[in-house]
Each structure stands twice: as structure tokens, then as C-alpha cells.
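1. build me a structure from this.
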Amino acid sequence: MTILVTGANGQLGSELRIVSRDSRDRYIFTDINQVEGQETIFLDITDLAAVRTIVKEQEVQCIVNCAAYTNVDAAESNSVLAERLNADAPKNLAVAMLEVGGLLMHISTDYVFGKEPYNKPCREDQTGTPTGVYGTTKLRGEQYIINSGCQYVIIRTAWLYSEFGKNFCKTMLNLTATHPQIKVVFDQVGTPTYALDLANVIYRIVANRLYVKNCGVYHYSNEGVCSWFDFAKMIAEYSQQNLCDIQPCHSEEFPSPVVRPAYSVLDKTKIKQTFGITIPYWTESLCLCIHNLKKDIIL
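-> Model (predicted):
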């Protein structure tokens, strides 16, 4: 089977390159951005004609969509672009897969929740209540896919980090190494997700064709719960950068054009039971990521 990965030079796409190296399937990696040393085909997924062309020419039977407009603050003033990338583009991919009877594996976000004062992990069948343009456009993208009639697996994830690109883990590594004191919000609670763990789950579902008769929406993050403050403290501890004084603060101390979810912990029961997976605890995965960062010095 030929599998096309969009957003292949981002965090998740980069991890998929690693986990799929020995795959019996054929992987094609696409992006609008080129990275030196990475074989990447240019593909603008907002262009339906371009998507149809590559699907036909490469005989693509599965698309893993890792591409998205993920700048939460900037989305508020760039709603048109966010709509194109987070809603219209997934619709294009769904149309292309419907036409060839293929599968669309789409990555979504915990930001489809947040407006309601949740106090227990969010389930897949819970009504989405996004607080800003980012979450709203991602939810709309999900709806387009579901209504398209194609085979699909939508995986909502949260607080993604990895050795690649820009993310909270790498930012904290830099800040705790260069500042005597920093403040991190403690009133936003969720679960970090190591992109390598999510890439392994995606790879397993596709490689073993586990999606057959199991199409639907699923949640995936690492196990456990923490605040951004807790996350930062563990990053500093595992990297042995303990000279920086990390202080908790309220979200109001960092003004933002959008209200972020105060609680967006995801319930992973469905994905664990359906696909028979075991999910690592978030601190275990964080320790592994920091080890890999220190080893490869990808900062």
C-alpha cells in the first residue's frame, strides 16, 4: 500500500519518517516546506487538483494528515488561512480518498474542547466547544471528513512535543539553561504527548490494517495529567538544569487573544480497547525525548 504523509517535516511527520523506515508499505512524504537532508515532495493540500493528481500518479491508498495551522494566537488574526489549512484542506484529502476507496488518517486536537468547565477527561462523543479560531477550524475539518463518506480515523491529541521543530519541551530546555527565573502557568491542565509515541500508534494502525471496521474518532495522548508548570519542572529535572527558578503563575500574566482550555485531558479508553495498545506515562516519554535530544543535540 502507498501511504502519503502530509506535513512531513513537522514534529509528527518527522517521527513517522523514523518509525516507517522498515515498513513493507511505501511511504511518500510531502510538505510545503523543504528541510535539508529530507526527501520531500512539495504538495499544497489546499489545492484539490494537486491532491487528486498525486493520489492518481502515486496510486495512494492512505493519507496521514499531519499538516495544520497550529499557531493558536496567530489564528485569531489569520482566520482565513486557518480555515483553509485546518478545514478546507482535510475536506480535499477526504474527497481524494473517497474517490479511490482509501483511508484518511487525520490528526486533530484537544482544542476542539475547552469552553465548558470540564472536570473529567473528555470523551470522543462529547460535543466540541472550542474557544478560538484554531479549535473551531480544527473541529470543522473533523466534521467535513466525517460527512465526506470516506474511510477515516481521526485522532485528537494534545500538547505535542518531540526532538523536532518548535515545541514547549525545547523552549523550556533553552529558557531554563539561559534564565535565572521563569514563570509558567499552572491553571491550564492537560497531558503532554511525545510525538514518537503517537507516530508508533499511527504506524501500527496502518501497517496492521486495524482501521478496517474501526473507522471513527479517537483520543491519544500519553497517560497522566499535569499543568504546564508541572511539565516545565520535569523538563528541568530530567535535563539536570536545576539552576533556573521556575515559578507558577496564572494565565492572565501572559495576555493572549484567545482563551485556552483550562482542562483538556483526553479519555483514551476507546483507542486502547479498540486497537489493543498500551500508552506510556508522560514522564517516561519525556525522559526518553530529552535523552534523544541530548544525544543528537537537535535544538
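
2. only the buried residues of stretch 19-29, if you could.
-> Of the residues in stretch 19-29, 19, 20, 27, 28, 29 count as buried by neighbour count, 16 or more other Cβ atoms under 10 Å. No exception for glycine: its C-beta is placed from N, CA and C like everyone else's.

3. equivalent analysis for stretch 96-104, please.
-> 96, 97, 98, 102, 103, 104.

4. quick revisit: for residue 50, state which of the buried residues of stretch 19-29 is nearest.
-> residue 28 (13.6 Å; Cβ to Cβ).

5. which of the helices or strands spans the closest one?
-> Taking DSSP states H and E as the definition, one finds residue 28 inside strand 26-31.

6. now for the helix or strand just after that strand, which elements pack on it?
-> Elements were assigned by DSSP H and E; along the chain past strand 26-31, the next helix or strand is strand 41-42. Applying 3 or more Cβ pairs under 8 Å, 6 or more residues apart in numbering; DSSP states H and E, one finds that strand 41-42 contacts strand 26-31.

7. what strands flank the strand it packs on, and is each parallel or antiparallel?
-> strand 2-6 (parallel), strand 41-42 (parallel) (DSSP bridges).

8. what's the average pLDDT for it?
-> The pLDDT scores in strand 26-31 average 98.

9. could I get the strands paired with strand 26-31 as TSV with mean neighbour count and distance to residue 124?
-> TSV is the format used below for the strands paired with strand 26-31 (neighbours: other Cβ atoms under 10 Å; distance: least, Cβ to Cβ, whole Å):
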stretch	mean neighbour count	distance to residue 124
strand 2-6	25	23
strand 41-42	12	32
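
10. so which of those gets nearest residue 200?
-> strand 2-6 (14.3 Å).

11. residues making contact with the following helix or strand past that closest one?
-> Moving toward the C-terminus from strand 2-6, the next helix or strand (DSSP H and E) is helix 11-19. The set of residues external to helix 11-19 that reach it, using Cβ atoms under 8 Å, 6 or more residues apart in numbering, is 5-8, 27, 29, 31, 38, 64, 66, 107, 160-165, 167, 195-196, 198-200, 202-203.

12. show me where the chain has strands.
-> 2-6, 26-31, 41-42, 60-65, 103-109, 151-157, 160-161, 181-185, 189-190, 193-194, 216-219, 226-227, 245-249 (DSSP state E).

13. identify the residues contacting the first one?
-> This means strand 2-6. Contact with strand 2-6 is made by 13, 16-17, 20, 25-31, 43, 45, 54-55, 58-67, 93, 206, as judged by Cβ under 8 Å, 6+ apart.
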